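Visitor: quick one: sequence plus predicted model below, questions after.
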Amino acid sequence: MRRIGLIVAMASFLGVFCAGQPALSTEDAPDEEAGVETPLRLSLGSNDFQTYCASCHGEDARGNGPVAEFLALTPADLTKLARNNGGIFPAERLTQIIDGRQEVKIHGPRDMPVWGDWFDVEAEAPGLRASEREIIVRERIGALVTYLKTIQVK
């Protein structure tokens, strides 16, 4: 049910965002760093987290998901990202790690899925250009990062 809601929300976003507009480029996409905490953005981030991340990181994002015990490496406690980074939430680094399409040396081995590729596949629709799919990918990852920022513990 959550997945259907997410698909409808993203389709609505695309319909409103792209209707009657010239082709979009990735430069036209909103900046993830802007990370405005709107109810829709937080809802999309929370829904994607529960759908794609909670099985490993846990519903509470503390690294205790039902799959965690079967993994070679313990999933990160995502509620302590800012604390573990000197009190600064590492939005850009987190965006790169979640996306996964570029190697992030500081992350170490790639033990989690490449969500950038997965979200790109999910964004495929007739007539949608690669640059428009990339906007959807960036927005979904940005929504995840925005959501994770809201659950940081001191």
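Guide: Arrived safely.

Visitor: tell me how many other residues surround Gly87.
Guide: Number of residues near Gly87 (other C-beta atoms under 10 Å) recorded here: 9. In short, each C-beta sits where N, CA and C put it, glycine included.

Visitor: what about the helices in the protein?
Guide: For the chain, the helices defined by DSSP state H cover 2-18, 39-48, 54-57, 91-99, 115-122, 130-150.

Visitor: closest one to Val67 among those?
Guide: Across those, the minimum distance to Val67, taken as C-beta to C-beta, is reached by helix 54-57, at 4.6 Å.

Visitor: that closest one: how far from the chain's middle?
Guide: Helix 54-57 sits 14 Å away from the centroid of its parent chain (C-alpha atoms, centre = their mean, to the nearest Å).

Visitor: for stretch 121-130, same thing?
Guide: 18 Å.

Visitor: in it, what counts as buried?
Guide: Buried residues in stretch 121-130, counting neighbours by 16 or more other C-beta atoms under 10 Å, are found at 122-123.

Visitor: what is the end-to-end distance of it?
Guide: Length of stretch 121-130, first residue to last, C-alpha to C-alpha, to the nearest Å: 10 Å.

Visitor: state the pLDDT value of Val36.
Guide: If you check Val36, the pLDDT there is 76.

Visitor: pull the contacting residues for it.
Guide: Listed by C-beta atoms under 8 Å, 6 or more residues apart in numbering, the contact partners of Val36 are Thr146.

Visitor: Asp111 now?
Guide: With C-beta under 8 Å, 6+ apart, Asp111 has these contacts: 71-73.

Visitor: could you export the residues you listed as TSV, including distance to Val145?
Guide: Rendered in TSV, the data for those read as follows (distance: C-beta to C-beta, whole Å):
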residue	distance to Val145
Leu71	22
Ala72	25
Leu73	21
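
Visitor: out of these, which is nearest to Pro113?
Guide: Taking C-beta to C-beta as the measure, Pro113 lies nearest Leu71 of the contacts of Asp111, at 12.2 Å.

Visitor: what count of nearby residues applies to that closest one?
Guide: Residues contacting Leu71 under the criterion other C-beta under 10 Å number 13.

Visitor: again with Val153
Guide: Here the number of neighbours of Val153 (other C-beta under 10 Å) works out to 11.
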